[in-house]
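Colleague: got a sequence here, can you model it:
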Amino acid sequence: PARVADAYPGMTVLMIEGLDKGSMEAVAAAYMAKHADVKVEIQSLPWNQFFQVSEMRLKSADAAVDLIYTDAPVVASYAANGYILPFDAAVADEAKAKLVGPSVATGTYDGKLYSLPMNSSAQVLYYNVDLLKAAGITPPNGLTKDSATKPDAIVKLATDDRWTFEQVAEAAKAVSGSEGGKAKPWGFAFEQFGELYQLQPLGGSLGGELISADAKTADGYLNGDAWTKAATWWSDLFNKDNVSPRSLGFGEAAQMFTNGQLAMFVGGTWNVPAVAGSSINFGIAPHPKFADGKASTPTGSWYLSVTKASPDAAAAADFAKFAALSDEGTDVWFKTLNQLPVTNRLLDEINADPAFDAFPASVMRLSAWESRNTAAARPVTVAFSQLQDAFRTAFTDIANGVPVDEALGTAVDAYDQAAARLNRK
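Modeller: As a prediction, the model looks like this:
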């Protein structure tokens, strides 16, 4: 892109610290190699400060930030508040042609594409083979350390061999008996305790939505039949069957699993290296579903948005397009970060390339299948953070014995009040 000499020295991307930053620097280097007159600088903040500080800088229309790393569910709120600019129709069309549907939908607000997805995420069922066998349970079919899994075997695994939540609960009871967490290991846990991202598939498997299509209410949705049944299953894990630990901190489920204190957990594919490096005899199976439901899995990750305050929005949009839509940019991102891609081209490659037959690369192939067949995005609403808080409170309360109807009712009220307050339209 052409630019005024010296008037505008370059652009700045504000994002989280860690591996993502290194990958964005690699993408920026590839972009600058093509555009000698452009400087792209990457600034980062630690995870625990990122949301607060970035929102403050967006609110104050800080012209020193051109692009902002955006967590999937906050796109709607940033767009509604006028913090970020929509991409033009040509970019939106290119995104629809090149990327998986749920990822584009999450970046879209009020009919316009505001944010381009960099990658996605996926969740799987980790199981301890020895603990299940010792409890008399035949482990699920899954991906194991010495296995090679061809594309058609992944499809069979995901369509025919997927365990049900009912099976998970039965197996967990066999492992824990009445001594879970004491004389015996815990049977089962979710990695992100009570979190909407993690637990949305419970209601989703039964066809339940969290909120209405217009995002104005949760009444009849989060307290509807599907979610009531899903939340009752969740409640039983703690209050009836005592197979699951109450409230786990970040990373605790994986730690307990690698210590042999937990027989199964549903968690992100980012746990694979730590679990594979442990001495546990384990396997990885597709995310469970309810027996009379469909498979539904978590999805979504980080996006890139152009700030309204950017002095050169066209140049910023050009970089975002390179990072998220070009073959070169998306290749650099995938090869350096190794997170689930959102481009159909890379998902096709993962499916076809024999390098993904062997474990643990085969987990990426399973994730790629899920992202195209079972992934359900978090709801698009300006009141997402309030929905997430209300959901977390409800599911934490339910685990602690609060009746399901009461907890879900409270969550619905909290969301509806926030939606009424925040919906500008």
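Colleague: list the contacts for residue 191?
Modeller: By Cβ atoms under 8 Å, 6 or more residues apart in numbering, the residues touching residue 191 are 123, 198, 248, 253-254, 265-268, 271. In short, each C-beta sits where N, CA and C put it, glycine included.
Colleague: closest one to residue 384 out of the residues you listed, please.
Modeller: Closest approach between the contacts of residue 191 and residue 384, by Cβ to Cβ: residue 198, at 15.1 Å.
Colleague: list the residues that contact the closest one.
Modeller: Contacts of residue 198 (Cβ under 8 Å, 6+ apart): 123, 190-192, 266, 298.
Colleague: what do you get if the cut-off is 7 Å, keeping everything else the same?
Modeller: Residues near residue 198 by Cβ atoms under 7 Å, 6 or more residues apart in numbering: 190-192, 298.
Colleague: secondary structure element for it?
Modeller: Element membership for residue 198 (DSSP states H and E) is helix 196-205.
Colleague: rewinding a little: export the contacts of residue 191 to JSON lines and append columns for distance to residue 28.
Modeller: As requested, the contacts of residue 191 are arranged in JSON lines below (distance: Cβ to Cβ, whole Å):
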{"residue": "123", "distance to residue 28": "30"}
{"residue": "198", "distance to residue 28": "32"}
{"residue": "248", "distance to residue 28": "36"}
{"residue": "253", "distance to residue 28": "35"}
{"residue": "254", "distance to residue 28": "31"}
{"residue": "265", "distance to residue 28": "36"}
{"residue": "266", "distance to residue 28": "35"}
{"residue": "267", "distance to residue 28": "31"}
{"residue": "268", "distance to residue 28": "26"}
{"residue": "271", "distance to residue 28": "29"}
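Colleague: just to be sure, residue 70 is in a strand?
Modeller: Yes - if the criterion is DSSP: H, G, I helix; E, B strand; the rest coil, then residue 70 is within a strand.
Colleague: that one pairs with what?
Modeller: residue 303 (DSSP bridges).
Colleague: burial of it, as a residue count?
Modeller: Applying other Cβ atoms under 10 Å, we find 26 other residues in the vicinity of residue 70.
Colleague: you'd agree it is up against residue 305?
Modeller: Yes - under the criterion of Cβ atoms under 7 Å, residue 70 makes contact with residue 305 at 4.7 Å.
Colleague: anything in contact with each of those two?
Modeller: 78, 115.
Colleague: ok so, going back, and which of the contacts of residue 198 is nearest to residue 114?
Modeller: residue 298 (21.6 Å).
Colleague: for the protein, which residues score under the pLDDT cut-off?
Modeller: The model of the chain has pLDDT under 70 over residues 1-9, 424-425.
Colleague: all strands of it, in order?
Modeller: Remark: strands assigned in the chain by DSSP state E are 11-16, 40-45, 67-71, 84-85, 108-109, 112-113, 116-117, 123-128, 143-144, 186-190, 262-268, 282-286, 302-307.
Colleague: for the fourth one, what is the distance to the chain centroid?
Modeller: In terms of Cα atoms, centre = their mean, to the nearest Å, the gap separating the centre of strand 84-85 from the centre of its chain is 23 Å.
Colleague: same thing with the third one?
Modeller: Centre-to-centre, strand 67-71 and its host chain are 15 Å apart (Cα atoms, centre = their mean).
Colleague: what helices or strands is it leaning on?
Modeller: Strand 67-71 sits against strand 11-16, strand 302-307, helix 313-325, with contacts defined as 3 or more Cβ pairs under 7 Å, 6 or more residues apart in numbering; DSSP states H and E.
Colleague: so which of those is nearest residue 394?
Modeller: Here strand 302-307 is closest among the helices and strands packed on strand 67-71 (Cβ to Cβ), at 26.5 Å.
Colleague: verify the stated contact: residue 15 with residue 44.
Modeller: Yes - Residue 15 is within contact range of residue 44, at 5.5 Å (criterion: Cβ under 7 Å).
Colleague: who's more crowded, the two?
Modeller: residue 15 (22 against 18).
Colleague: for the more buried one, give me its contacts.
Modeller: Neighbours of residue 15 in contact, by Cβ under 7 Å, 6+ apart: 21, 24, 42, 44, 69.
Colleague: which of the residues you listed has the largest number of neighbours?
Modeller: When neighbours are counted by other Cβ under 10 Å, residue 24 leads those with 26 neighbours.
Colleague: roughly how far apart are it and residue 394?
Modeller: Distance from residue 24 to residue 394, counting by Cβ to Cβ, to the nearest Å: 36 Å.
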